[in-house]
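Chemist: dropping the sequence and predicted coords here.
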Amino acid sequence: MAEVVLIVRFVARTGTEDQLKTLLQGMLAPTHAERGCKLYDLYESDTRGRFFLSERWESQAALDLHMATPHFKRLKQIGGELVSEPFEINFVKQIQVGAASA
């Protein structure tokens, strides 16, 4: 099965920055404990209220199971009320050093 890598961006509504940060921090421990989670790191931008999750999953099936967990459903429900725009989900592929330009 192919590994799945994504970067998710969250932009807090003005006044909800700390609430969103706390909610996202609460995702770390339960997600790290999930089977198939290879990486799940939270970053805060130097622009207040912008957060990024870097995720690496063993497979799409592992990511699908993550999206069915209670903590993910809570993030989706509560987080939706705290952001100024929809979550930006980017599925990415690593560019290898020395890879030929296309």
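Modeler: Great, that's in hand. Numbers count the residues shown, from 1 in each chain.

Chemist: from here on, just use CA atoms for contacts and neighbour counts.
Modeler: OK.

Chemist: ok, longest helix in this protein?
Modeler: helix 17-32 (DSSP state H).

Chemist: dump the C-alpha coordinates for it into CSV.
Modeler: Only the C-alpha atoms of helix 17-32 are listed here, as CSV (Å, rounded to 0.1, in the frame of the first residue of the first chain):
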residue,chain,number,x,y,z
GLU,A,17,-6.5,31.5,18.1
ASP,A,18,-5.8,30.0,21.5
GLN,A,19,-8.9,27.8,21.4
LEU,A,20,-7.9,26.4,18.0
LYS,A,21,-4.3,25.8,19.2
THR,A,22,-5.5,23.9,22.2
LEU,A,23,-7.9,21.8,20.1
LEU,A,24,-5.1,20.9,17.6
GLN,A,25,-2.7,20.1,20.5
GLY,A,26,-5.3,17.7,21.8
MET,A,27,-5.2,15.8,18.6
LEU,A,28,-1.5,14.9,19.0
ALA,A,29,-1.4,12.1,21.6
PRO,A,30,-4.5,10.1,20.5
THR,A,31,-3.4,10.4,16.8
HIS,A,32,0.2,9.3,17.5
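
Chemist: for it, buried residues please.
Modeler: Of all the residues in helix 17-32, those buried under the rule 16 or more other Cα atoms under 10 Å are 17, 20-21, 23-24, 27-28, 31.

Chemist: again with stretch 67-83
Modeler: 71-72, 75, 79-80, 82-83.

Chemist: again with stretch 36-56
Modeler: So for stretch 36-56, counting by 16+ other Cα under 10 Å, buried means 36-42, 49-53, 55-56.

Chemist: turn the residues you listed into a markdown table, including distance to residue 67.
Modeler: Formatted as a markdown table, the buried residues of stretch 36-56 follow (distance: Cα to Cα, whole Å):
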| residue | distance to residue 67 |
| --- | --- |
| 36 | 12 |
| 37 | 12 |
| 38 | 15 |
| 39 | 15 |
| 40 | 13 |
| 41 | 16 |
| 42 | 17 |
| 49 | 23 |
| 50 | 22 |
| 51 | 19 |
| 52 | 17 |
| 53 | 14 |
| 55 | 13 |
| 56 | 14 |
